[in-house]
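Novice: okay, here's the prediction I keep looking at, along with the sequence it came from:
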Amino acid sequence: MSNKHEMKLMDNEVNNLSNQVFYLNGLLDKITEWLEQGEDVILEASEDFQLGYHDCAKSLLEQIKEWESEDE
């Protein structure tokens, strides 16, 4: 295999990984937004469900923020 071919393969791999990172960052943004706006979605649900959803969403948002601060 030539150096040019190897470089092309590595360049493609870097591009693929970069695309995956952008995709996952976008997905994380969507999850965070959905969790933050979830209270509007569950207004008609039972009170037990609302409390459970709220607790879960709050905990997940706090965990996401903790993970993000570890990366900084």
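Specialist: It's in. Numbering: from 1, shown residues only.

Novice: can we go C-alpha only for contacts and neighbour counts from here?
Specialist: OK.

Novice: now the chain, which segments are flagged as low pLDDT?
Specialist: The chain contains residues with pLDDT under 70 at 1, 38-45, 71-72.

Novice: the helices in the chain, which residues?
Specialist: Secondary structure of the chain by DSSP state H: the helices cover 3-41, 47-71.

Novice: and the residue nearest the centre of the chain, how far from Asn16?
Specialist: Closest to where the C-alpha atoms of the chain average out (CA atoms, centre = their mean) is Leu28, at 1.8 Å. When CA to CA, to the nearest Å is applied, the distance between Leu28 and Asn16 equals 18 Å.

Novice: could you do Asn3 as well?
Specialist: 20 Å.

Novice: who's more crowded, the two?
Specialist: Legend: neighbour count by other CA atoms under 10 Å for Asn3 and Asn16, higher for Asn16 (11 against 8).

Novice: do you know how far that one is from Trp34?
Specialist: To Trp34, Asn16 is 27 Å away according to CA to CA.

Novice: for Asp11, see how far away the residue nearest to the centre of the chain is.
Specialist: Noted for Leu28: a distance of 26 Å to Asp11, by CA to CA.

Novice: again with Asn3
Specialist: Using CA to CA, we find Asn3 at a distance of 12 Å from Asp11.

Novice: can you mark which positions in stretch 55-72 are buried?
Specialist: Of the residues in stretch 55-72, those with enough neighbours to count as buried (16 or more other CA atoms under 10 Å) are 57, 61.

Novice: now it: how far from the chain's centre is it?
Specialist: Put simply, stretch 55-72 sits 11 Å off its chain's centre (CA atoms, centre = their mean, to the nearest Å).

Novice: next one: stretch 25-35
Specialist: Computed by CA atoms, centre = their mean, the separation of stretch 25-35 from the middle of its chain amounts to 5 Å.
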